[in-house]
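>>> This is the structure alone, sequence omitted:
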């Protein structure tokens, strides 16, 4: 309560479910699609914003609007995941960024999260190995 929240979704049907549920609960929710949406988010005018990782690419600055990101549905792409996370966790952010993953036990959500963790670990190991060779 009192903190702006960015919700990432992967599937359009998830977007619809989120919008429907939160609207029924009396929350104002807005998609971040236009430059005006981004400016309003960064000005703190949007308490709950929705974003698709496919549209949260390089160079998008959302760090001034909030510091909480909720992954409602996970995507398999580590790059999209990291780019979306980095929209809040970047220079100019004044708060600690908190990222929540909604994962249902016993579902593919667990597999996706594990795959992302494995991909990230592999990427970090590769970067370390390259750095070691260059030194």
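Yep, it's here. Given the structure is predicted, the values throughout are model-derived calculations rather than measurements. Residues are numbered from 1 along each chain as shown.

>>> Tell me which residues of the longest helix anywhere in the chain come out buried.
If you go by DSSP state H, the chain has its longest helix at helix 108-134. Neighbour-count burial for helix 108-134, with 16 or more other CB atoms under 10 Å as criterion, is recorded at 109, 112, 116, 119. C-betas here are computed from N, CA, C, even on glycine.

>>> pLDDT of stretch 109-129, averaged?
Stretch 109-129 comes out with an average pLDDT of 93.

>>> Centre of the chain to it, how far?
With CA atoms, centre = their mean, to the nearest Å as the basis, stretch 109-129 stands 17 Å off its chain's centre.

>>> Kindly report the same for stretch 60-68.
Worked out by CA atoms, centre = their mean, stretch 60-68 lies 10 Å from the chain centre.

>>> what does the average pLDDT come to for it?
The model assigns stretch 60-68 a mean pLDDT of 94.

>>> Quote the end-to-end distance of it.
16 Å (CA to CA, to the nearest Å).

>>> Show residues contacting that stretch.
Stretch 60-68 is touched from outside by 3-6, 32, 38, 41-44, 46, 49, 51, 56, 87-100, with contacts defined as CB atoms under 8 Å, 6 or more residues apart in numbering.

>>> Likewise for stretch 82-89?
Stretch 82-89 has contacts (CB under 8 Å, 6+ apart) with 6, 8, 51, 53, 56-58, 60-63, 66-69, 97, 99, 120.

>>> just to revisit the earlier point, tell me which other helices or strands the longest helix of the chain touches.
helix 78-85 (3 or more CB pairs under 8 Å, 6 or more residues apart in numbering; DSSP states H and E).

>>> Now the buried residues of helix 108-134 in JSON lines, please, with extra columns for distance to residue 28.
Formatted as JSON lines, the buried residues of helix 108-134 follow (distance: CB to CB, whole Å):
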{"residue": "109", "distance to residue 28": "27"}
{"residue": "112", "distance to residue 28": "30"}
{"residue": "116", "distance to residue 28": "31"}
{"residue": "119", "distance to residue 28": "35"}
